[in-house]
Structures are given as C-alpha cells and as structure tokens.
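> with the sequence up front, the predicted model follows.
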Amino acid sequence: MSTRPNWFGRGWLAAGYFFLYIPIVLLIVFSFNESRQDVVWRGFTLNWYRALIDDKEIIEGAILSLKIAFLTGILSVILGTFAAFVLVRYKRFLGRTAFSGMVNAPLVMPEVIVGLSLLLLLVSLQNTAAFSWLNRGMFTILIGHALLGMAYATVVVQSRLQEMDRSIEEAAMDLGCRPGQVFFLVTLPNITQALMSAFLLTFTISLDDVVISQLLSGPGSSTMPIVIFSRARLGLDPRVNAVATITIVVVTIAVIASSLYLARSERRRQKEISAAFSAEAAS
Amino acid sequence: MNKLLARLMPNNPGRAVVIGVPYLWLVLFFLLPFLIVLKISVSEMNVGQPPFKPLTEMVDNFLNIRVYLGNFISLFDVANDDLYARTYLSSLKYAAWTTIFCLVIGFPFAYFMARARPTIRPALLMLVMMPFWTSFLLRVYAWKAILTTNGVFNQILIGLGIIGEPLHMLHTPFSLMIGMVYVYLPFMILPLYANLVKLDGRLLEAAADLGATPWQRFWLVTVPLSKSGIIAGSMLVFIPCVGEFVIPELLGGPETLMIGRVLWDELFSNNDWPRAAAVAVVTILLIIVPLAIFNKYQAESQGERT
Amino acid sequence: MSESSSGTAASAPAAAGGANKTAADARFLRIENLVKEFDSVVAVDKVSIDIRKGEIFALLGSSGCGKSTLLRMLAGFETPTSGRILLDGRDIAQIPPYERPINMMFQSYALFPHLSVWDNVAFGLRRAGLPKDQVADQVEKMLGLVQLKQFAKRKPHQLSGGQQQRVALARSLAKRPQLLLLDEPLGALDKKLRERTQLELVGIIESVGVTCVMVTHDQEEAMTMASRIAIMSEGRILQIGAPAEIYETPNCRFVADFIGNVNLFKGKVVEDAADHVIVDTPECRHYVGHGITGTEGMEVSVAIRPEKIRITRERPGGAHDGFNCVEAEVADLAYLGSYTIYHLKLATGLLVKASIASVERLPDWQPTWGDKVFASWDEYAMVVLTQ
C-alpha cells in the first residue's frame, strides 16, 4: 500500500522543520549582523564575538555554569543510579510508593515551585543557628539542579536496568561474587552507556536552567542563563546571539558526532553477530 | 532475586545504604521543602525577616499553633481581588490552547514521519530532537527578534505587501502562544511518533481490504490506535505549560496572566512569601488532577494488555 | 514416586565400609521434603530426591511445574520455605549462592557481555582468589575441553549460539563444582544444532565426572542426556526412573500422557489374578499379561502406546481370542516418513492413535480413509494405571 507521504505530507514536514529551525538559524545569522539594536541586516561583522572576550559577566557566568553542570551531572548520575536501582530491584520496602512519587515529582512540578520550595527551605535553615552560614550561591544552585537531574537520571538508568538480563547478575553470584561485587564487576560495566547519556542529559539540563538558578543564586553567582535571561528581558543583545551561536555549534557537533559513533558501533556489532551465526550455519 | 536479597540479608547494610542515600536526599530536598511551603502558606505575612510569622508560639507555657487560612481565602476572594482566579483560569486556558495547537500540528507531522522511508526516519527523528539539546532559553529569545515590531516577521509581511504598517506582535497572547507551541511541539511529536511508527501497516491494508476509504482508515484505525500516544503527548505539553515562567516572561505581555509569573512577582516584587506559598500549593493541586487521570488511564491500559 | 530411589539407599547395609561409601554416593545430593511457597502459592511441594554421585539427573515438566524453582533453590537463588538440601552430607539450604560449591549454566547462558570469552571463564576462578598462573592454566584447560581456544579473545556477541553455549559450559565447569546445574541447556539452540549438541554435552560432562542436575521441558532432551528423570507437575514429583522405565511403565495417567503419546481406555477390573488381569472397558475386554496392585471392581485406565497397536483387515486370531481387539474405521492418517500415524474411530466414538513403522508397510494393502479395520495389541503392550 502506498503510505509514503505525498506532496501534502512532505509539505507538512517541511513546514514543521522550518518552524523548528528558523529561530535557530536567525539567531545565528544575527550574531554576525553589524547593527546593534535592531534586527535589520546591516552587514557582516565579527564584532560581537570580539566583544564577548571582554564581557566578564558572560565569561564568568559560563565558567560557573559549566562547573555547576559538571557537578550536577555527576551528582545526578550517582543519586539517579541509586534511585533506579532501588526502584527496579527492591520491590518491597517501607514507603516505596512515596519514594517513587518523590523521585518522579520534579519531572512534572513547575520549576518555579521546585525552586520556590528549595528557597523557602534555605531561608528557614538560615534562621536556625546551625545553618546561619548557609548562603545562596553555587552550592544551593547545585542542590536544586541535582534534585531535577536526579529525576531524569533515574528514568534513564531505570529503563536500562529493566531491560538488562538479570541472569548475568545471578551468574556472577553463582561464580562467587558477593552482592557488592556483583554491582561493581557486572552491573556497572553493563549500564555505562546509560550512565553516560544520563550524565549528558543532566549536564545539559543544568547548563540550560534559568528558573531554579535564579531563585537559588546569590550575589556574584550568576550563571550564564541568568545573565542571558536578564539581558533578554531588557531587549535584544547581539552578544547573546554570539554566545548562542557558539553553544549551538559546540552542542550540534557533539550530538551529531556521538550519535554517529553510536550508530556505527551498533552497526559493527550487528555485523559481528550475523558473521558469527553465518559461520555456524556454514559449519 | 529481589526476594532472595530481602530474605537472605534482612540486616544487609548494603541494602539499607542503597535505599537510604536517595531516600534521605529526597526527604531533605523534596519533602522537607514542600512541607515548609505548606507551613508558610498557612502563616501570616511579616514585614521584616523572615517575611512570615511563626506558626507556633509559646504562650503561658502552652504551645499555640496558629493556622492562618487568609492566604488561601484571598486567592479565591473574587469579589475583592479576582487576579488569582483569573490567573489560574488563564494559565489553564493557555496550556489547553498550546496542547491543542501542538496536537493539530504535531499529529500529522508525526504521522508523516512514521510513514517516511525507514532509512531516513532516524535522521528525521534526530532533527526533531536536536532543538532539545539547544538551549531552551536561547530558542525563546530568538523569537523576540522575529516578532518584535521591526523584526523579521514584520519585515517579511511588509515586503510581501500584506500589511503597510508593522504589527505589534511581541508581548501579546499571539507571541506567547507562538513561543509555547514552538517549545513544546517536540514533546508532542516524540510520543506520537513512537506510537505511530509501531502501527502495523497490515491493519490499514486489512481496513482497505474491507472497503474503508483512506479517510475512514485514518479515523477508524490510525487515530484510535494512537490514543495512548495522544494522551501521553498532551500530558507532556499541558502539565509544564500550566506552570511555565520563562516563555511568558520573555514573550508574554501584561495581559497574558500566567501563574508562574504571578508567583514570581509575589516572591520578589511584593515579598509576600506566605501568599506565594499558597499560590504554589494551589498550582500543585491543579496539576495533580490531570496527572491522576493520566496515571489511572495508564494503569488501566496496562491492565488491558496483560 | 521416590520410593524406588530412597528404598535402595535405606536398604543398603550400613556395616560394610565399601557399601557405606556406595550408600553415601547414592545420595550425594539429597533433597528432603523441600517446599517453596511464593505468597502462599506452592511452587515446590514436599519434593524428596536422592541423586547419585556422577549421574546426570533431569527434572522434566512443562512450564510452571516448579522445576526451575527447584533448580534455583539448589543454586541458592531462592531460599526454601522448609525442607533440607544435603550436598555430600552438608545442609546447604541456607548458604548463599556465592559460597556454594555449585555452579549453574543458565538458560540464556548469562555470559558477561563486557568480558571476553577468556575473562568469562576466568571470572569464577578469580573470585576464588586463585593465583594468576593457576587461573590461566584452568581457563586454557576449559577452553580446550569445549574446543574454543581460538575464540578466547572474542566478546560473547561475536560468537554463535552454539559457541556461546560452550563458553557457558566452560565457565560453569571452571571452578570444578561438586554439582553442575543446567537450566534448559539447549533451549536457546535451533532444533538441528540441539541434536548434535546433546551428546557432545553429555560427553564433556561425563569426562569431567561432575554430578549434574538439569531442568528441561523437552522429553527428548531429557531422555537422551539423563541417566534418570524425575517427572514434575504442579510442584510435585510424579515419577523418578530411567528413561525406559518411565516410558514403558508410567505410574500414572499424567506421566503416560506427558511422555510420548498414549491411548487410554477407562474401565473396571473384572478379574484380578497373580499373573494376569482382565479389564472391561466399553470398547473391549483387555487381557493384561501381568498382575497389578489392585482389586476386582476397581476403576482403572488401560494405557497403550500407539506403536504397539497393529492394524489388520481381518480379525486376528490368537492366544486370547476375543480380547485386546477392536473394530474401527480409519478417520485420518498422516504419513510421516519413517512411520504413519492412523486415527482410528471406534464404535463408542473413542479415537485411538496407532503408528505403523514404514518397515512394516505391506506391499498389497495400506489402510486408507474410511477403511473398516481391526486394531489389536498383545497382552504385554498394556499398562494398567490405577490413578
């Protein structure tokens, strides 16, 4: 049956992709525009990229953002792996329903509310003697991002753990591994790819987050999205376009390269499998 | 083996640590903050630090607990101030419209993607996911340049001779809707695609064999079978839209009331923390309802399958 | 039931030293009243088996009969609700899997995907803390045993199904376990490969001399590989015996039906003598050439294997004229190469299956659809089932 998209289908797809990509394309184009204020093309320039070098606010924000994103990635993956392991392996313990509810809640809660609740916790803690030293800054942003990141990391690791053949863990026990050894010698090596994608995902989420960062940031701890957001609120700034272009180029290359790599290694794997079986059929 | 572990090592310290670490984290940074929000939502506002009055007081050696429901009452005191009621309604309205637009654009999109040649499907899928990896904030910001008064969209419309004077588009419900649909469209497309790509082509052939026209095949076979994808996509769009803050802040105008913004203003401009907390509590309740329906549906459809 | 095996063990004279050792060997693995309940569902119900040292013992049953649960209790992945598992006299029921001198070959093979063949085989030896050179020696020996030396560096996914199975075997034998468990050892292989591998596997296990308990749902596999078979159903053991014993003298209707095909005639014992029995069924009178433990008037089933039925055009005469013979019509037939299977419809409506080997085909006459024929069998072809 001819179910391939006809001219209408192709047109719909083209229009859809146009809608998805035109803002990104224009964002990049205007980073090279000479005009400062308006969005009329006035000629090619690299001024905005040069201006970035002297833009301490953005540079410092970017460094802080990368630091937080990196730590968020690590913390989220560790917590998410713990949580995923608990959800997949321990079917019965006190408060399991509450646990799975709390793990998943940040996925559906508006970020404003997640941020607000952490902010109120922070303020309440500051009013106690023991935590009066606690100030808003990198540490508090990290906590907020890791709370969100943990939820995403859990979903990723959980699905990998669920599809993993449990019998290899039993085999490890059968061959003399204690439960702890089973995890490090067998389980962990077999979920590394999921841990990597969970890290990348939570890293990007952290790098991109405005709301929680803004609510939990203090003086001198403005992440890059906070800087961009405050400038975007005021109006248009070609330096933001320049930053955008750089991040888009870096991320695009990384994503395309990694998915090509994954696709290739999967293809090679499939080829090896079919080679092994055809050798058997021939014997 | 779960049971084995549970029974084999009832006092297993490893298990206690594995459960304990994430549990403690969640109690500390999710449950406790949430309880504090609840507590503050029933406190009275205080000028000074902290900006709310304590709930408990020692009066003559008696513990006095004062629960103040004024914050909640004022939210729905329509006669006095209907800002909050209007904001909740308008948040729901914008979220609903965004969901509808995403579905209308996204369903045919996902359908045609799923019908494309299998060799190009991964590339098409990749193209939908790419924007996810690009900063959400920057993509919203990009629309400012397109929709502003001397922006690209107006320039094109004038260039084509459709309008003479530039239209005021930024900071209107129009720009808000564009931004929301733009950001959430992939969230609709992906679950729909995942569902439609699994649709067995032989079912359509069977329907055709039994005399269904293409239009009937679409409505009587394709749509009912993609119900779970439609529901999942709609939830993924609707729920975050209700509490959206960045898009209304950057693209919305003064008349586009959204709950996220109002909450933010209570917190930072009015410094009315108890009321902000009350707004948050009501918002959570608003989100829980569709979520509960969704979970129930999922549990039922899973029950049907097994 | 289990009387046959435990009976020999109990009757062994305890005094003589040599006999003592034989007795200990006869119950090298002793399973006593083992029970496993999952949330009040009984998966394994009071199972007792004695397994001899060095034998290959098969647990045979359909899925859900409890055989896998039983095996997992032997491996240590499930803890028995009650009962004992004695391995060489030591109760191991409460010992965790990583401390048992037992290794298992998993149905899915459960090879570690991230490790090479060599490292898979070495895994257990390393956990045991063996020095490097001993690990290497043993791995080489094991890979030699399964003829996979040239594949040592490959990852599991680079191997065919048959090779993976051999790696799994080498890995489970590497630690020289006292007991080897095989969970559907050939279940993941296709039919042709399975037949070839069955005897290969037996050869390797016997050359190592390890005691082996296997679980399978495939009766052919069990009969080819095992020296003794236990038939399981609904958590219970119905019969234990050598393959021929189980096939020729099933002790109940379930076993008769489960192993191969069988025709059952339901009726009553009308004459119960020491050397013969006569059973009346609506279809015919059966003269059974051996005594049974039963009484006159008892309700029984007479079981006859299809290959023991003869088909003739004329009523056959013989020693027990009038017995063991029915008139029938050929309702259906299927020619299957080495034999032909006939479905014969009796006057009572009962369908009787008869298979005639192709070497017995008569040149002048083959029964065909609609033919009126006589089906007969001799007095030793029958088993009388009392339950």
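Arrived safely, thanks for sending.

> residue ranges in the stretch 1-150 of chain A under the pLDDT threshold?
A:1-4, A:37-39 (pLDDT under 70).

> distance check, the closest residue to chain B within it against B:V279.
Evaluated by CB to the nearest CB, the stretch 1-150 of chain A has A:P110 as its residue closest to chain B, separated by 2.2 Å. From N, CA and C alone the C-beta is placed, and that goes for glycine too. For A:P110, the distance to B:V279 equals 11 Å [CB to CB, to the nearest Å].

> mutual contacts of these two, please.
Shared contacts of A:P110 and B:V279, defined by CB atoms under 8 Å, 6 or more residues apart in numbering or on different chains, are found at B:I259.

> okay, these two: which has more neighbours?
B:V279 (28 against 24; other CB atoms under 10 Å in any protein chain shown).

> that one touches B:L267, doesn't it?
No: between B:V279 and B:L267 there is no contact under CB atoms under 8 Å: 9.3 Å.

> name whatever forms a beta bridge with the residue of the stretch 151-300 of chain C found nearest chain B.
In the stretch 151-300 of chain C, the residue that lies nearest chain B is C:D183 (14.3 Å; CB to the nearest CB). Beta-bridge partners recorded for C:D183 (DSSP bridges): C:V215.

> please determine how far the residue nearest to C:N324 when sequence neighbours are not counted is located from chain B.
In this structure, C:N324 finds its nearest non-sequential neighbour in C:W377, 5.3 Å apart by CB to CB, 6 or more residues apart in numbering or on different chains. Separation of C:W377 from chain B (CB to the nearest CB, to the nearest Å) stands at 47 Å.

> ok, C:W377 - how many residues close by?
20.

> the residue of the stretch 1-150 of chain A closest to chain B reaches B:R261, doesn't it?
No: when contacts are counted by CB under 8 Å, A:P110 is not listed as touching B:R261 (11.3 Å).

> overlap in contacts, the two.
B:F245.

> contacts only, for the residue of the stretch 1-150 of chain A closest to chain B.
Applying CB under 8 Å, 6+ apart, the residues near A:P110 are B:240, B:242-245, B:259-260, B:283, B:287.

> burial of the residue in chain B positioned nearest to chain A, as a residue count?
In chain B, the residue that lies nearest chain A is B:G243 (2.2 Å; CB to the nearest CB). Other residues near B:G243 come to 25 when the count uses other CB under 10 Å.

> and the residue nearest to it when sequence neighbours are not counted, how far from B:A280?
Setting aside the residues directly before and after it, B:G243 is nearest to A:P110 in space (CB to CB, 6+ apart), at 2.2 Å. Using CB to CB, A:P110 is found at 8 Å from B:A280.

> now the residue nearest the centre of chain A: which helix or strand?
Central residue of chain A (CA atoms, centre = their mean): A:L201, 2.5 Å from the mean position. Applying DSSP states H and E as the criterion places A:L201 in helix A:192-208.

> what comes into contact with the helix or strand following that helix?
Where DSSP H and E defines the elements, the next helix or strand beyond helix A:192-208 is helix A:211-216. Applying CB under 8 Å, 6+ apart, the external contacts of helix A:211-216 come out as A:68, A:111-112, A:114-116, A:118-119, A:122, A:136, A:140-141, A:143-145, A:148, A:223, A:225-226, A:229, B:245-246, B:267.

> looking at those, which are in helices?
Using DSSP state H, A:68, A:111-112, A:114-116, A:118-119, A:122, A:140-141, A:143-145, A:148, A:225-226, A:229, B:246, B:267 are the members of those that sit in helices.

> which residue would be the closest one in the stretch 1-150 of chain A to chain C?
A:R92 (10.9 Å).

> phi first, then psi, for that residue.
phi -130, psi 110 (degrees, to the nearest 10).

> wouldn't C:P282 be in contact with C:G267 here?
Yes: assessed by CB under 8 Å, C:P282 is found in contact with C:G267 at 7.1 Å.

> more crowded one of the two?
C:G267 (20 against 12).

> quick one: that one is in a strand?
Yes: using DSSP: H, G, I helix; E, B strand; the rest coil, the assignment for C:G267 is a strand.

> if it is in a bridge, with which residues?
C:V300.

> residues contacting it?
C:279-282, C:286, C:299-302.

> let's see it at 10 Å
C:278-286, C:298-302, C:384 (CB atoms under 10 Å, 6 or more residues apart in numbering or on different chains).

> tell me the predicted confidence for it.
We have a pLDDT of 90 for C:G267.

> output the contacting helices and strands for whichever strand or helix holds C:M104.
Here C:M104, judged by DSSP H and E, is contained in strand C:102-105. Packing partners of strand C:102-105 (3 or more CB pairs under 10 Å, 6 or more residues apart in numbering or on different chains; DSSP states H and E): helix A:167-174, helix C:67-75, helix C:161-174, strand C:179-183, strand C:211-216.
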